[in-house]
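[1] this is a predicted model, with the sequence first.
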Amino acid sequence: MTLEELEGIAQQLAEPPYRGRQIAHWIYQRGAVAFAAMTDLPQAFRARLAESARITALSPVTAVRSDGGDTIKYLFSLADGPTMETVFMRYADGRRSVCISTQVGCGMGCTFCATGLAGLTRNLTPAEIVDQVVAVQRLTGERVTNVIFMGMGEPLANYGPTLRTVQLLNAPYAAGIGMRHLTISTVGLVQQIRRLARERLQLTLAVSLHAPTDELRNELVPINRQWPIADLLDACREYVSLTSRRISFEYVLMEGVNDTVELAATLGSLLHPARSGAGQRPSGPDANALWHVNLIPWNPVYGLQYRRPNPGRVEAFANALRRRGISTTVRLERGVEIDAACGQLRRTHGPEFAGVRPP
Ligand code: SF4
């Protein structure tokens, strides 16, 4: 709930509006899961609140640590039974990042993804999305500084709840996380990218590209058949033009599938700053200059036959891009020993997968 909504509840229960701010502080910043804990509220008001409202709170089914405890992957269960994943990452520079889910499962069907394997169960509500951050703060005792919408699901396929979550995470009375510290990932829902561009938010957009040709992307990322690469890049240019924010193109590298230096060259020309392809709307002189490629060596998923490339192949691909003037990074590995692939922990620990668990 927003501050205005909490103030409305206070007034409905015959209290002054500022009680709403106190409730927001307890829920979002102190992680309170019961009204009884809100000790600066009058006791009678707490009792009235407990009769008329309820605080939902996620509790972990399992939590697995790696990187010396600096990465914790949580599997949370939801009230109606399914589970979802959230990852906490502690960095030496002080950042505390949380990677959150926006859906249970995912309907996009990317062929290399553990989450996509099981299909979409349902969208998460704004409460269930925000609560992942609140729960992680409560469980770790640490303040989250960055949030990445890159867990299970396609955030822009659950647009309204995702945007409401952004509003709440950014609000000073709630999580108070700077807009520039929020990253939304998308597999390339072109209409929603254009819609997001018009919100003119200063968040970061990460676009999952994974292939530089339509032929290959149609195979790996089925949504490409609906919105091919040219349409996607056109929407990305509009996003950069309206927000002046950099776009990060995510590229999962799979050996022998999309990791050859020839494909790196194709990707390099596709994203090159000087390129102005036919049919593409020029929308701002620096659009391509604000593009960045983030390479992610594939994390193994039970039941899938892809292979993770060795570091030499990854470096060769990265260098081929850099030689073409494309700003490129290789994602820092986190949580490799804890079912790092998104959706993998759910498949190995989620009760709903008990009958079909991989060996
Ligand atoms: S990679 Fe992302 S969009 Fe594709 S199936 Fe997996 S969760 Fe969905």
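    The structure has been received and is ready for your questions.

[2] any residue of stretch 191-201 up close to the ligand?
    No. Counting by Cβ under 6 Å from any ligand atom, no contacts exist between stretch 191-201 and the ligand, the nearest distance being 12.5 Å. C-betas here are computed from N, CA, C, even on glycine.

[3] show me the domain layout of the protein.
    What the record gives for the chain is the domain set 3-52, 59-356, from automatic domain parsing.

[4] now the residue in the stretch 151-300 of the chain positioned nearest to the ligand: phi and psi?
    Across the stretch 151-300 of the chain, the shortest distance to the ligand (Cβ to the nearest ligand atom) belongs to Val187, at 3.9 Å. Note on Val187: its backbone torsions stand at phi -80, psi -10 [degrees, to the nearest 10].

[5] residue contacts, it?
    Going by Cβ atoms under 8 Å, 6 or more residues apart in numbering, Val187 touches 108, 110, 154, 207-208, 221, 223.

[6] and the domains of the chain, which is most packed in?
    Each of the domains of the chain was given a mean neighbour count from mean count of other Cβ atoms under 10 Å, and the largest, a mean of 19, is that of domain 59-356.

[7] and it, how far out from the chain's middle?
    6 Å (Cα atoms, centre = their mean, to the nearest Å).

[8] pLDDT of stretch 226-235, averaged?
    Throughout stretch 226-235, pLDDT has a mean value of 97.

[9] is the ligand contacted by that stretch?
    No. Counting by Cβ under 6 Å from any ligand atom, the ligand has no neighbours in stretch 226-235; the shortest distance is 12.9 Å.

[10] put the alpha carbons of that stretch into CSV.
    Output of stretch 226-235 as CSV, limited to C-alpha atoms (Å, rounded to 0.1, in the frame of the first residue of the first chain):
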residue,chain,number,x,y,z
GLN,A,226,6.2,-11.7,-32.5
TRP,A,227,8.7,-8.8,-32.1
PRO,A,228,11.8,-9.4,-34.1
ILE,A,229,15.2,-7.7,-33.4
ALA,A,230,14.6,-4.6,-35.6
ASP,A,231,11.3,-3.8,-33.8
LEU,A,232,13.0,-4.4,-30.4
LEU,A,233,15.9,-2.1,-31.1
ASP,A,234,13.6,0.5,-32.4
ALA,A,235,11.7,0.4,-29.1
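
[11] how about the residues of the stretch 1-150 of the chain by the ligand?
    Taking Cβ under 6 Å from any ligand atom as the test, the list of the stretch 1-150 of the chain residues beside the ligand reads 106, 108-110, 113, 115-116.

[12] in helices, which of those residues fall?
    115-116 (DSSP state H).

[13] turn the residues of the stretch 1-150 of the chain next to the ligand into a markdown table, including pLDDT.
    Converted to a markdown table, these look like this (pLDDT from 0 to 100):
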| residue | pLDDT |
| --- | --- |
| Cys106 | 94 |
| Met108 | 95 |
| Gly109 | 93 |
| Cys110 | 94 |
| Cys113 | 90 |
| Thr115 | 85 |
| Gly116 | 84 |
